[in-house]
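Asks: What follows is a predicted structure for the sequence shown.
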Amino acid sequence: QKEVEQNSGPLSVPEGAIASLNCTYSDRGSQSFFWYRQYSGKSPELIMFIYSNGDKEDGRFTAQLNKASQYVSLLIRDSQPSDSATYLCAVKISGTYKYIFGTGTRLKVLA
Amino acid sequence: GAGVSQSPSNKVTEKGKDVELRCDPISGHTALYWYRQSLGQGLEFLIYFQGNSAPDKSGLPSDRFSAERTGGSVSTLTIQRTQQEDSAVYLCASSAGLALVSGELFFGEGSRLTVL
């Protein structure tokens, strides 16, 4: 089992729709979870982080965390073509400063 | 500049040669990370340095790979006797590393390595 798993996609959604990206992790003790966006040929940049169970909203983005199910998701509302990118889930391994990334989900927002 | 700086941005080398990749983190950041990203793949953890602690080398794929961080700042990733499968983008990131729970990673632009 990989430490952090994501569906590689591509996930295609029409402009204006909600995009839902999912991630599962294996380290039950992990407390910190991150979503990074990576445009083609560019470096990852942080979109959101979440530490507590439940939802965290920031503009059009909502991160959801369920530690019991070891599941974290990212919702993008009113998706725009500019949101087309690869979204990487990252988990900070408990008791360390080590971040493990999933393989990323490629999102395509169709105009 | 204020960001993470990596050099060279591109490196083409012949199989069997050694290469060095350099990373200059954001000033004051105590944590420094190296990741490898192959074409169309996610980020593969290689190594991290945190303050004066021993580095976590658990992701280095073989003993051909090594890294050091001098004076708690600049880091060099060395790949000896390069192989074609080493071709990838090598990303460096730094973090303030203030607490075990928290910490955004700031990435450099990467060093693209091509082994012929």
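Replies: All right, it came through fine.

Asks: could you show me where the strands are in chain A, in order?
Replies: Counting by DSSP state E, one finds strands in chain A at the ranges A:4-5, A:11-14, A:19-25, A:32-38, A:45-50, A:54-58, A:61-66, A:71-76, A:85-92, A:99-101, A:105-110.

Asks: actually chain B, sorry about that
Replies: Under DSSP E, chain B gives strands at B:5-7, B:10-13, B:19-24, B:31-37, B:44-50, B:65-69, B:75-79, B:88-95, B:106-107, B:111-115.

Asks: is any part of the fifth one close to chain A?
Replies: Spelled out, it's strand B:44-50. Yes: Strand B:44-50 reaches chain A (CB under 8 Å from any CB of the partner chain) through B:45, B:48, B:50. Placement of C-beta: from N, CA and C, glycine included.

Asks: What's opposite residue B:24 in the beta bridge?
Replies: On the basis of DSSP bridges, residue B:24 is bridged to residue B:5.

Asks: That one: what's it in contact with?
Replies: Shown in contact with residue B:24 (CB atoms under 8 Å, 6 or more residues apart in numbering or on different chains): B:4-6, B:73-74.

Asks: mind checking how far it is from chain A?
Replies: Using CB to the nearest CB, to the nearest Å, we find residue B:24 at a distance of 15 Å from chain A.

Asks: ok, residue B:114 - contacts?
Replies: Contacts of residue B:114 by CB under 8 Å, 6+ apart are B:10-13, B:87.

Asks: Just give me the closest of the residues you listed to chain A.
Replies: Nearest to chain A out of the contacts of residue B:114 is residue B:10 (CB to the nearest CB; 12.3 Å).

Asks: Next, count neighbours for the nearest residue to the closest one once chain neighbours are set aside.
Replies: Leaving aside its chain neighbours, residue B:10 sits nearest to residue B:112 (4.9 Å; criterion: CB to CB, 6 or more residues apart in numbering or on different chains). Counted by other CB atoms under 10 Å in any protein chain shown, the residues lying close to residue B:112 total 16.

Asks: Across the sheet, point out what pairs with residue B:112.
Replies: Per DSSP bridges, the residues bridged to residue B:112 are residue B:10, residue B:89.

Asks: Give me the pLDDT for the residue sitting nearest the centre point of chain B.
Replies: The centroid of chain B falls nearest to residue B:34 when counting by CA atoms, centre = their mean (2.9 Å). Looking at residue B:34, its pLDDT is 98.

Asks: Quick check: end-to-end length of stretch A:27-42?
Replies: End-to-end distance for stretch A:27-42: 29 Å, by CA to CA, to the nearest Å.

Asks: Could you list the low-pLDDT ranges of the chain?
Replies: Using chain A. A:1 (pLDDT under 70).

Asks: actually chain B
Replies: Applying pLDDT under 70 to chain B flags residues B:1, B:97-102.

Asks: residues in chain B within reach of chain A, list them.
Replies: Proximity of chain B to chain A (CB under 8 Å from any CB) is limited to residues B:31, B:33, B:35, B:41-43, B:45, B:48, B:50, B:56, B:58, B:91, B:95, B:97, B:100-105, B:107-110.
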